[in-house]
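Student: dropping a prediction and its sequence here:
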Amino acid sequence: FEDRLPHKKITSALIRDYNITISPGSIFDCTRRVADSLEEQHKQLMKKIRRAKVIYVDETHIKVNGKTYYLWVFTTNKITVFVIRKSRGEDVIHEVLGKKFQYTLVCDGWKVYASYTNNLQRCWAHLLRESKFLAKEHKSAITLYDHLNRIFIQVRAITTRTPEELRKKIYTSLITQLQQWVDYTENFKELRKFGTKIKNGIKFWCTRVLKPTVEPTNNFAEQKLREPIVQRKIFGTLRNEKLTRIILLF
């Protein structure tokens, strides 16, 4: 598994390196039985993560027997839970985090997160990447990109040592600045769509200022998805739904 080998390749490797002959079907059965033994631990992790004060969440597509499913990751600095589901909808978040989640999600702009909770921190990495691309294509976006970076620096500079009253003032100031840049984008056709993106998340870009333990990017979740994405590129598609359990529990 760590070498990212499909079952047939594992069979070849075992013969070559250890002179052990075992069929791909037997290898599949071994991994299935290990996954079965880990299922209760997976359920316990789901219960624990619901109590986390900050959760970083992301999702990406994955093929199962040629059909599109979604690989979800919910992570903290101590716990990571993966699930593969047919849905990219809010029902998956309800399943993992429950219907009474009271803490903070760090996420991208996918609409189901905002419909699930108002306690969000939108990912600045996504916003800055998109504004950087616009700045390369349009002169009108150069100043916008520069000032968004300045706002992000202020957001990131907040710590638990920053007095609460000062954080509230900074929050109000930064929201005002963001609104001014939304207004700025209205003057340029090529920036209006991006301005709408800022506007739609305007309550969520500066949550870290009020809650300093929250990271302003979703890098934690994206890092957890990197290895599964590499594996996805190698195997192309999972052959059946049984593998959606096995690959997660490993």
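Tutor: On my side now, so go ahead. None of the values given here were measured: they were computed from a predicted structure. Numbers count the residues shown, from 1 in each chain.
Student: list the contacts for the closest residue to I49 other than its chain neighbours?
Tutor: Once flanking residues are discounted, I49 sits nearest to I79: 4.9 Å by CB to CB, 6 or more residues apart in numbering. Just so you know, the C-beta spots here come from the backbone N, C-alpha and C atoms, and that holds for glycine as well. Shown in contact with I79 (CB atoms under 8 Å, 6 or more residues apart in numbering): L45, K48, I49, A52.
Student: in helices only, show me those residues.
Tutor: L45, K48, I49 (DSSP state H).
Student: give the ChimeraX command for selecting the buried subset of those.
Tutor: To isolate in ChimeraX the members of the ones in helices among the contacts of I79 that are buried, counting by 16 or more other CB atoms under 10 Å, one can use:
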select :45,49
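Student: save the ones in helices among the contacts of I79 as TSV, and put in distance to T162 and pLDDT too.
Tutor: As requested, those are exported to TSV (distance: CB to CB, whole Å; pLDDT from 0 to 100):
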residue	distance to T162	pLDDT
L45	33	93
K48	29	94
I49	28	94
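Student: circling back to that earlier point, any figure for the gap between the residue nearest to I49 and T117?
Tutor: From I79 across to T117, the span is 19 Å (CB to CB, to the nearest Å).
Student: make JSON lines out of the ones in helices among the contacts of I79 and add distance to Y171.
Tutor: Output for those, formatted as JSON lines (distance: CB to CB, whole Å):
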{"residue": "L45", "distance to Y171": "33"}
{"residue": "K48", "distance to Y171": "30"}
{"residue": "I49", "distance to Y171": "27"}
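Student: among the ones in helices among the contacts of I79, pick out the one closest to V112, please.
Tutor: Set against V112, the nearest of the ones in helices among the contacts of I79 by CB to CB is I49 (17.7 Å).
Student: ok, now which ones touch the closest one?
Tutor: I49 makes contact with I55, F74, T76, I79, V81, V96, L97 under the criterion CB under 8 Å, 6+ apart.
Student: pull the CA atoms of the longest strand belonging to the chain into CSV?
Tutor: Counting residues, the longest strand in the chain under DSSP state E turns out to be strand 54-64. Backbone C-alpha positions of strand 54-64 (Å, rounded to 0.1, in the frame of the first residue of the first chain) are rendered in CSV as follows:
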residue,chain,number,x,y,z
VAL,A,54,-11.6,23.7,14.6
ILE,A,55,-11.9,21.2,11.7
TYR,A,56,-10.4,21.5,8.3
VAL,A,57,-12.5,19.9,5.5
ASP,A,58,-12.1,19.3,1.8
GLU,A,59,-13.2,17.0,-0.9
THR,A,60,-12.1,15.7,-4.3
HIS,A,61,-13.6,13.4,-6.9
ILE,A,62,-12.6,9.7,-7.1
LYS,A,63,-13.7,7.1,-9.6
VAL,A,64,-15.4,3.9,-8.4
